[in-house]
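Trainee: pasting the structure only:
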């Protein structure tokens, strides 16, 4: 019996076990427990009985439940447009011979660098009451459904584009060579080769766009007017009416598409082990005047939309009193104290630095422990399962769950409530999954025999980790840090529930400025966020460039 | 006393038995090969010896000490994997120094001296500043060996160390590794699926199949006195034919062709397979549907003017024939 235990745990490393346990406990306490708190809030009625009472009263109240249909409506339309646009835009870059591909690629990523409230703000400048286009005589009645949809398309387009970009990048050129040899027409090639190859990406993109639009708070906050959606409802219920039960109900509703998407995604990703192999040859793109011209026009149009969106922010921020006084000024960068002043921007930067620093360390350790721990199968499996859950939990839900959990007086962790720590924690968990997959992917590529050789050489595990695993994953680590930073700078959803009046962040300050009618200042603040995010991105490209050069020299 | 004892090792992965009651001993300074087809359990056995895996039953005894539950770092061995597992972010010299830095009793200059000494030993001193990717396969392999022996381990484990190399380099490295091993007198266990490698390098061979040991013996004995049908078939070529109730085996090169009585078997030439120095004659025993291969020097085949359908009279020397 004793010998059996000894045999089982002969490869057991107590330090590693403790760290693994620690990261799992942190994750469970900070993520799973709050979700538990949300559900218990949603399912426990006023009388304290467990059941669907809260849901019944929600759906019996037509002013509330109409939001469900509104949200589905805007999400569906957004999804159709984003998926189609994203596909053709990515197709243009990957499969046609248009000029300026790098330019188009980076322009398409611009919306990622600013909060969704800023997409909406840009639209206000273009289509609002005093917008450029509106003044030309075209009123699209921005406030309400239309505005939200346009804003959500801008928000979801980069995700759709990137997903298709990756899918279109990996292709076996031989398939198309065979088609050409058999005389198959180009349109038929797209229908019968390209699209079937990408069916999983298409499904995935549809879900991603739908979920993003379904749960976004920023655009409906600015443009919604009387058109209610779930994300604004949850905010009104919690922050306006302190109706926590209704907030919890809406929170669980927000989870539904993400959960469906999550389950489908799991199902698909198992099947989607691509058929690429060493023999795959890249596709040679031939010139085709008609095709290239059409795609160039399409891409230019999209790029123009994004550029004008950003340009409108510049105009708003740098003119004295748009549209009446167009003289240039920097006065809008002197922010009102009521919105936190420049301090809110600095707060954002600090919060994002903390998120990037702690988040990167936590994610990398987490991935290392779940990927490279031998034995302890149950724990590593549990860890891997948890790691992808945040994909299914929108920021609004993270935020409201955190309130329920951390704001409870009997929670010993109550002290972090209202501090920057809870903002950082919510960001790390909200954005956990993508960095995790990046880290795990990088670690998987590292030979398992590195650890074994090092162990045979009597090198302690931590040293192998620091001297081998970390440097060899440098690219992934830099990418993760950038991802955390940029997203922390732009996120509103979770933070809107959690920020403290003494520690306002830029993205939320923008919402407040807009609410107070200071849209020039809002535009100015948006530009600051854009600048720092673009700067971080450039820094990232630069660091990766150096790494690549070293790799060529050193043979990595 | 035996240097290393493998006692009754059994290992299951789920419901699959990968090792069944394995017993073997290794003497000090010996070069032992564990040979077998893929999936026979040989690599698992090596990993259990290394402590990278724990057996379900049995013991590993190293220099009289029960090491069954010791972690790899306490067993004092060097290891070379098929992938070499050289750290790609370190130069050749740094790869070797990485392990030496654990030796607290050595000064920095002593460590460096030791590392350079190791590089000289494997003839790589001029490549010390290169990164692994800048080296050829053979050089990478030698770096891995230098790294494995730098800590003066008491034994060396080689896991298919030559499989990733092309044939020429492989043949050269075989003798190099063997010479180095003799020079250092280091006890070595090598896992391979390549019978030629095992025959040329090992002092003794452990032939494994389906999770069990088929035979442990010197290369000569393994080849000439294979203990089982599997060993006979797996190592070298072997003709099997039945004589009455008995199954007999004979190596192709041991068969003699005679022009008249007395002969043991008649066989009909089907095909001549030219293999360079020798030619393999594919023949069948008439009426029995049994194939016989006969290896002869190519010159001799030429002078005998053999053709398809030629009838051969074969003598099978009794001392070389094997019975089962």
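Mentor: Received it, and whenever you're ready, just let me know what you need. As the structure is a computational prediction, the values presented were derived from the model and not from experiment.

Trainee: Leaving out sequence neighbours, find the closest residue to residue 81.
Mentor: You didn't pick a chain, so chain A it is. Leaving aside its chain neighbours, residue A:81 sits nearest to residue A:153 (4.9 Å; criterion: Cβ to Cβ, 6 or more residues apart in numbering or on different chains). C-beta: built from backbone N, CA, C; applies to glycine.

Trainee: Oops, wrong one, chain B.
Mentor: Nearest to residue B:81 is residue A:449, by Cβ to Cβ, 6+ apart, at 4.5 Å.

Trainee: now do residue A:479
Mentor: Once flanking residues are discounted, residue A:479 sits nearest to residue A:438: 5.8 Å by Cβ to Cβ, 6+ apart.

Trainee: can I assume that neighbour is in contact with residue A:476?
Mentor: Yes. The criterion here is Cβ atoms under 8 Å, and residue A:438 meets it with residue A:476 at 5.0 Å.

Trainee: Look at residue 141 and report its pLDDT.
Mentor: Here I'm looking at chain A. pLDDT for residue A:141: 88.

Trainee: oops, chain B please
Mentor: For residue B:141, the model assigns a pLDDT of 93.

Trainee: One more: the one 10 residues further on?
Mentor: In this model, residue B:151 is scored at 90, pLDDT.

Trainee: close enough to count as contact, it and residue B:103?
Mentor: Yes. Counting by Cβ under 8 Å, residue B:103 is a contact partner of residue B:151 at 7.1 Å.

Trainee: residues in contact with residue A:145?
Mentor: With contact taken as Cβ atoms under 8 Å, 6 or more residues apart in numbering or on different chains, residue A:145 is in contact with A:70, A:73, A:74, A:227.

Trainee: circling back: tell me, how many residues neighbour the residue nearest to residue A:81?
Mentor: Per other Cβ atoms under 10 Å in any protein chain shown, the neighbour tally for residue A:153 reads 25.

Trainee: before we move on, what about residue A:11?
Mentor: Residue A:11: 17 surrounding residues under other Cβ under 10 Å.

Trainee: Show me which positions of stretch A:287-305 end up buried.
Mentor: For stretch A:287-305, burial by neighbour count (16 or more other Cβ atoms under 10 Å in any protein chain shown) applies to A:291, A:292, A:295, A:296, A:298, A:299, A:302, A:303, A:305.

Trainee: Skip the chain neighbours and tell me the closest residue to the last one.
Mentor: Same thing as residue A:305. With Cβ to Cβ, 6+ apart as the criterion, residue A:305 has its nearest non-adjacent residue at 7.7 Å, and that residue is residue A:154.

Trainee: Just the element for the one you found, please.
Mentor: helix A:145-169 (DSSP states H and E).

Trainee: contacting residues for the residue nearest the centre of chain B?
Mentor: By Cα atoms, centre = their mean, the mean C-alpha position of chain B lies nearest to residue B:198, the distance being 2.6 Å. Residue B:198 sits next to B:33, B:35, B:190, B:192, B:205, B:219, B:235 when contact means Cβ under 8 Å, 6+ apart.

Trainee: Let's see the ChimeraX selection covering just the buried ones among these.
Mentor: Per 16+ other Cβ under 10 Å, the buried members of the contacts of residue B:198 correspond to this ChimeraX selection:
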select /B:33,35,190,192,205,219,235
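
Trainee: Could you point out which of the contacts of residue B:198 is nearest to chain A?
Mentor: Ranked by distance to chain A (Cβ to the nearest Cβ), those are led by residue B:190 at 15.2 Å.

Trainee: What's opposite the closest one in the beta bridge?
Mentor: Assessed by DSSP bridges, residue B:190 has beta-bridge partners residue B:33, residue B:158.

Trainee: so how far is residue B:201 from it?
Mentor: The gap separating residue B:190 from residue B:201 is 7 Å, by Cβ to Cβ, to the nearest Å.

Trainee: again with residue B:300
Mentor: Distance, residue B:300 to residue B:201, using Cβ to Cβ: 30 Å.

Trainee: same thing with residue B:105?
Mentor: 34 Å.

Trainee: cool, residue A:339 as well?
Mentor: For residue A:339, the distance to residue B:201 equals 77 Å [Cβ to Cβ].

Trainee: Over to residue A:406?
Mentor: To residue B:201, residue A:406 is 65 Å away according to Cβ to Cβ.

Trainee: which parts of the stretch 1-150 of chain B sit against chain A?
Mentor: Contact residues (Cβ under 8 Å from any Cβ of the partner chain) of the stretch 1-150 of chain B with chain A: B:50-56, B:68-69, B:71-73, B:77-79, B:81, B:83, B:85, B:87-90, B:98-99, B:102, B:130-134, B:147-148.

Trainee: Pull the contacting residues for residue A:87.
Mentor: By Cβ under 8 Å, 6+ apart, the contact set of residue A:87 is A:160, A:164, A:202, A:205.

Trainee: Ranking by neighbours, what's the top pick from these?
Mentor: residue A:160 leads the contacts of residue A:87 on contacts (other Cβ under 10 Å) with 30 neighbours.

Trainee: Please name the nearest non-neighbouring residue to that one.
Mentor: Using Cβ to Cβ, 6+ apart and skipping residues adjacent in sequence, the residue nearest residue A:160 is residue A:86, 2.8 Å away.

Trainee: To which secondary structure element is the one you found assigned?
Mentor: In this assignment (DSSP H and E), residue A:86 forms part of helix A:62-95.

Trainee: what's the neighbour count on residue 324?
Mentor: No chain in the question, so chain A it is. Counted by other Cβ under 10 Å, the residues lying close to residue A:324 total 8.

Trainee: Correction: the question concerned chain B.
Mentor: 13.

Trainee: Contact partners for it?
Mentor: Residue B:324 makes contact with B:228, B:229, B:246, B:247, B:248, B:249, according to Cβ under 8 Å, 6+ apart.

Trainee: who wins for neighbours among those?
Mentor: residue B:249 (17 neighbours).

Trainee: Is it in contact with residue B:316, as I believe?
Mentor: No. Residue B:249 lies out of contact with residue B:316 (Cβ under 8 Å); the separation is 10.0 Å.

Trainee: which neighbours do these two share?
Mentor: Common contact partners of residue B:249 and residue B:316 (Cβ under 8 Å, 6+ apart): none.
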